[in-house]
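J.: here's a sequence, model it:
(one chain, ligands or ions: 1)
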Amino acid sequence: MSASRVLPTDEATDLLKLVRDVATTELAPRSSEAEASETFPRDVFGMLGELGVLGLPYDEEHGGGGQPYEVYLQVLEELGSVWASVGVGTSVHALSCFGLVSFGTDEQRERWLPDMLGGGLLGAYCLSEAHAGSDPGAMRTTARRDGDDYVLNGAKAWTTHGGQADFYKVMARTSGEPGDRRGISCFLVPADTEGLSADNPERKMGLTGSTTATMLFDDARVPADRLLGAEGDGLKIALAGLDAGRLGIAAVAVGLAQGALDRAVEYARERHTFGQRIIDHQGLAFVLADMEAAVQTARAMTLHAARLKDRGLPFSREASIAKLVATDNAMKVTTDAVQVLGGYGYTRDFPVERYMREAKVMQIFEGTNQIQRMVIGRSLDKGDAGSLRHG
Ligand SMILES: Cc1cc2nc3c(=O)[nH]c(=O)nc-3n(C[C@H](O)[C@H](O)[C@H](O)COP(=O)(O)OP(=O)(O)OC[C@H]3O[C@@H](n4cnc5c(N)ncnc54)[C@H](O)[C@@H]3O)c2cc1C
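T.: The predicted structure follows:
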């Protein structure tokens, strides 16, 4: 049982059918094994690039798919429903392209964007450091101007696709001391830059098919034209991209929860106790009903935020609400899916225990859910008036 969708165009409907087909026939059969063996599925990203999925939300003039966020997020949801690592990786790739699309010069875009959006190159996003996650202004990695180059030194922690990506969007300090948020700049660093290397991958609770590693910069020299925007724009670029990135994570979390719900319903219709199917016990059917309500609530909030973005309206608060609701709901729904399967849910013979482990990280990255509450609370304090708009 898959999610019912109402899409804005025939083109979008065809796209979703294609993605659902690829997810079911190509991704789902491989996901459990790749996650168990902690294998990064680089070829899957090559295939998604060829299908045009990696550049979907960006303009066609830049080589993207020209799809509205409302459609793109439903594509991420379909990927997330069978393989969260692939859904997250697709979203992180889009985030790593955001700086060049939005702040690059025409010349920079013409040089690099076609390969980035066309899927020829896989991206990564380096904001966090070991001591600077929720508070990126505390970062210490530096980029010192030296003639026609910048020389980067430091370590960027927790990089999704670390050691696997072809380029890294890196926030580094060009001036000021740790704590000064204005001294941070944004660079597009190619993977083969001398002095750039990946530390050993993190050993994680879940999302084990997605490599996460600290990227080490040891006198890594990049030409000055690898700076995106002006010096000092780095945190602005990083945070602007995160509003959209959070919607990507929200969508993957909705998909993950939908996948867990589907497995739970299948099981509940087959399994018998006390002479009847467990779905016929009202106590268990109510658990499933609450799961369905949680999934649909999260989807509705995520798509509401997407539609605001598609219309060029402010959507930062709604993106934080979507991320908070979708990831908290995914944690609850995946935990309940394990419960529905009883003892079998706790084994690796069924995917729901993996879904539960994967849901946890959704509450942590791209701004923890405490940070989302901070963003929402601050927006309320600003007293943004409710508005009525047509169209
Ligand atoms: C699998 C994985 C992949 C990741 N991928 C990337 C990536 O690709 N690129 C990247 O840059 N980063 C990435 N991250 C890093 C991630 O974004 C950070 O882990 C996250 O922002 C939290 O930072 P932290 O771990 O330093 O926790 P901390 O900031 O130390 O927070 C610790 C706890 O304190 C809470 N807290 C902190 N400040 C406040 C506050 N003001 N009010 C209330 N509570 C607060 C937090 O919510 C959290 O519960 C990834 C992390 C993981 C686990």
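J.: quick check on the residue of the chain found nearest the ligand: phi, psi?
T.: Nearest residue of the chain to the ligand (CB to the nearest ligand atom) works out as Gly133 at 1.9 Å. Every C-beta, even on glycine, is put in place using the N, C-alpha and C of the backbone. Dihedral pair for Gly133: phi -100, psi -70, per degrees, to the nearest 10.
J.: and it, what pLDDT?
T.: With respect to pLDDT, Gly133 scores 96.
J.: what of the one 4 residues further on?
T.: On pLDDT, Gly137 comes in at 96.
J.: surely it is within a helix?
T.: Yes - Gly137 forms part of a helix when assessed by DSSP: H, G, I helix; E, B strand; the rest coil.
J.: low-scoring stretches of the protein, by residue?
T.: 1, 384-391 (pLDDT under 70).
J.: show me it divided up by domain.
T.: 10-117, 123-235, 238-381 (automatic domain parsing).
J.: now tabulate those in JSON lines and tack on mean neighbour count and distance to Ser4.
T.: Below are the domains of the chain laid out as JSON lines (neighbours: other CB atoms under 10 Å; distance: least, CB to CB, whole Å):
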{"stretch": "domain 10-117", "mean neighbour count": "20", "distance to Ser4": "11"}
{"stretch": "domain 123-235", "mean neighbour count": "19", "distance to Ser4": "27"}
{"stretch": "domain 238-381", "mean neighbour count": "20", "distance to Ser4": "10"}
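J.: dihedrals phi and psi, the nearest residue to Gln67 once chain neighbours are set aside?
T.: In this structure, Gln67 finds its nearest non-sequential neighbour in Leu56, 4.7 Å apart by CB to CB, 6 or more residues apart in numbering. Main-chain torsions, Leu56, degrees, to the nearest 10: phi -50, psi -40.
J.: can you check which helix is longest in this protein?
T.: helix 234-270 (DSSP state H).
J.: how about it, does it reach the ligand?
T.: No - using CB under 6 Å from any ligand atom, helix 234-270 never reaches the ligand; the gap is at least 8.2 Å.
J.: helices and strands around that helix, which ones?
T.: helix 69-82, helix 84-103, strand 167-173, strand 184-190, strand 276-277, helix 282-310, helix 316-340, helix 352-362 (3 or more CB pairs under 8 Å, 6 or more residues apart in numbering; DSSP states H and E).
J.: one step back: can you pull the contacts of the residue of the chain closest to the ligand?
T.: Ala157, Trp158, Thr368 (CB atoms under 8 Å, 6 or more residues apart in numbering).
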